[in-house]
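K.L.:
Okay, here's the prediction I keep looking at, along with the sequence it came from:
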Amino acid sequence: MEYQSLAKDILSHVGGADNIISLVHCATRLRFKLKEVKKADAEGLKAHPGVIMVVESGGQFQVVIGNHVHAVWQAVRTAAGLTDETPAPADHDKGSLFSRLIDIVSGIFTPFIGILAASGILKGMLALAVVCGWLDTESGTYKIWFAASDALFFFFPLILGYTAGKKFGGNPFITMAIGGALTHPLMIAAFEGSQASGAVSETFLGIPVTFINYSGSVIPIILAAWLSCWLEKQGNRFLHAAVKNFFTPLLCLAITVPLTFLLIGPVATWLSQMLAHGYQTIYTLAPWLAGAALGALWQVCVIFGLHWGLVPLMINNIAVFGQDSMLPILLPAVLGQVGATLGIFLRTRDARQKMLAGSAVAAGVFGITEPAVYGLTLPLRRPFVFGCVAGAIGGAIVGFSNSHVYSFGFANVFTLAQMIPPGGVDATLWGGIIGCAVALVLSCVLTLIAGLPNIPAAAQADVAPEPKANEILAPMNGSVLALDQVPDSTFASGLLGKGVAIIPADGRVIAPFAGVVASLFATKHAIGLLSNSGIEVLIHVGIDTVKLDGKPFTAHVQVGDLVNAGDLLLEFDRDAIIRSGFDLATPIIISNSDCFTGVSTVASSSVQAGKPLLAVAG
């Protein structure tokens, strides 16, 4: 219920339920496949207070929500009438091969991202407990927790069989059964027997079978699932309706499973080893350079949602070598952005920015950097660059130290525990810790020194508003309208803060106090101000006027400009907005209302620009 309004807004901005091919979510973002991307209103979504950012990449329309993305995903699915039983639509993807690959990988792995991260964290904690002498590997406690942490990875073919089957538009239970065959005890016993004898002793219809241990493998089941789904579509196409419900699965199992053991599995395993050894060759030539490159570019990949292309490679490294050097390098990249956000938190005196930075640092420590990147470091530019530079330096140190992880997870503070070698703590772990610490501290210091633009000393002063009421002058001439009467639920509910609205009588907006321009929308329909006494005001001209793409608006100030009460901020064509069918009601919101004891309207039914409008009590 909490996210129904947001879900409806998102649904309308992506072109409605009929425009959705598929919808999944990862740690922070909704990932839409749309029939017609041109029907989506990316700019409108970006302006929505419940949306952090919108990214169009990898053949997907990605809406960055934050840590509560799962609840929003459920609300959107409910609003759109999507269910697990919703038939997979025909393939509408006409994008590049790379875009389609990214979409396939993310679609297969995102459904179980939470348990994947949790399993990796638990493995790391167990490794730490063993090194510290808290647990014995022969104890029942360790074995039970190890089984809990390892089950997902051991039975990867089953899990990937299910998600790959759904992604390829087939029956996921058929492809899951194929994954089960790959990890069946009989097949594992046959593999162990072939390893002991050193020769191929089994055949299928007279054809020798090379048994391989597919536990923890990735590529074989994905290829097998694709073949099974293709066979399923052919069977459903040609078989009679009376028999296809059981004959189609029969054909898929009878053909795909043997073919996987005879051809797909060995070829996919060879390909897996080639990928792993190819990466290892590059890493061995210059590990510090590989670390610097990955440390610098990882967050750029995250911005565009392209980081999923590296996930199978990391899992594959662990399956082939039992360890991976890529994941430790990515941790400094994450901590670089966390450090930059921490620097913003320590330096800024903007109450809203400080609150956002505090929550973003907490999320970033656990590997979720989107709130920090989209909400703070990227808009401010320099902190993002400082985070990438620090990530490159930290990644170079980690690469030079030859640090590895021995179980898969996602880059976060618990990755340090996953970097503990089986033989105990050594220089590789300390090198990894040093690289991460350097990235965190360096980006924080750089941001503290030069990460934020200079703003007036009065605005930076760390003082609370004076206890007496602070007057906010009217920024325009017009009729006063109670905020709860504004025809927009986001403003009317007070979600963005307390305040009032004015229906403008002309097309001028002036500064309601002395301060600094804190923000200005690219479409110039809204402007944020920070007073010298610490009051934040948002002036939003009209309702949904972001859709006008800035045409009726002219800005006379820029972000960072100092203003005095009465200075001209914006001009707009009032008649053009009316002709376009938009409501002129202009909310004037105290964005940091929670920092004050009260906000009250002092103007009567009409007000002149420059006359008292609101009183803010300290």
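P.N.:
Yep, it's here.

K.L.:
Can you name the residues in contact with the helix or strand harbouring Met355?
P.N.:
Here Met355, judged by DSSP states H and E, is contained in helix 351-365. Helix 351-365 is contacted by residues 66-67, 334-335, 337-338, 341-342, 344-345, 348, 369, 371-372, 375-376, 412-413, 534, 536, 591-592, 595 when judged by C-beta atoms under 8 Å, 6 or more residues apart in numbering. To be clear about C-beta, it is placed using only N, CA and C from the backbone, and glycine gets the same treatment.

K.L.:
switch to 6 Å and redo it
P.N.:
Contacts with helix 351-365, where a contact means C-beta atoms under 6 Å, 6 or more residues apart in numbering, come from 67, 338, 341-342, 344-345, 348, 371-372, 375-376, 413, 591-592, 595.

K.L.:
Just the pLDDT at the residue located most distally from the centre of the chain, thanks.
P.N.:
Ranked by distance from the centre of the chain (C-alpha atoms, centre = their mean), the top residue is Gly206, with 50.3 Å. Looking at Gly206, its pLDDT reads 84.

K.L.:
mind checking how far it is from His184?
P.N.:
Separation of Gly206 from His184 (C-beta to C-beta, to the nearest Å): 22 Å.

K.L.:
picking that back up, from the contacts of helix 351-365, which two are the most distant?
P.N.:
Val413 and Ser591 (31.8 Å; C-beta to C-beta).

K.L.:
ok, those two, which is more surrounded?
P.N.:
Ser591 (22 against 17; other C-beta atoms under 10 Å).

K.L.:
From the contacts of helix 351-365, pick the one nearest Ser194.
P.N.:
Looking across the contacts of helix 351-365 and measuring by C-beta to C-beta, the closest to Ser194 is Val413, at 41.9 Å.

K.L.:
Could you grab the helix/strand/coil label for the closest one?
P.N.:
Three-state call for Val413 (DSSP: H, G, I helix; E, B strand; the rest coil): coil.

K.L.:
The closest residue to it other than its chain neighbours and Ile543: what is the separation?
P.N.:
Counting by C-beta to C-beta, 6 or more residues apart in numbering, the nearest residue to Val413 once its immediate chain neighbours are dropped is Val365, at 5.2 Å. Per C-beta to C-beta, Val365 is found 39 Å from Ile543.

K.L.:
how about the CA coordinates for stretch 45-64, as CSV?
P.N.:
C-alpha atoms of stretch 45-64 as CSV (Å, rounded to 0.1, in the frame of the first residue of the first chain):
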residue,chain,number,x,y,z
LEU,A,45,10.6,10.0,-14.0
LYS,A,46,13.9,11.7,-13.1
ALA,A,47,12.0,14.6,-11.7
HIS,A,48,9.8,12.3,-9.5
PRO,A,49,10.8,12.6,-5.8
GLY,A,50,10.6,8.8,-5.4
VAL,A,51,13.1,8.1,-8.2
ILE,A,52,16.9,8.5,-7.9
MET,A,53,17.8,8.3,-11.5
VAL,A,54,16.7,6.7,-14.9
VAL,A,55,19.3,4.9,-17.1
GLU,A,56,18.7,3.5,-20.5
SER,A,57,21.4,1.0,-21.2
GLY,A,58,22.0,-2.7,-22.1
GLY,A,59,18.6,-2.8,-23.9
GLN,A,60,16.9,-2.0,-20.6
PHE,A,61,15.0,1.0,-19.2
GLN,A,62,16.4,1.1,-15.7
VAL,A,63,14.7,3.1,-12.9
VAL,A,64,16.9,3.5,-9.9
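
K.L.:
Can you list the buried residues in that stretch?
P.N.:
For stretch 45-64, the neighbour count (16 or more other C-beta atoms under 10 Å) marks 45-48, 50-55, 58-64 as buried.

K.L.:
cool, and stretch 238-252?
P.N.:
Quick answer for stretch 238-252 (16+ other C-beta under 10 Å): Lys244, Thr248, Pro249, Leu251, Cys252.

K.L.:
which of these lies closest to Trp288?
P.N.:
Cys252 (48.0 Å).

K.L.:
So that closest one sits against Thr175, correct?
P.N.:
No: contact criterion C-beta atoms under 6 Å: Cys252 and Thr175 do not qualify, at 8.1 Å.
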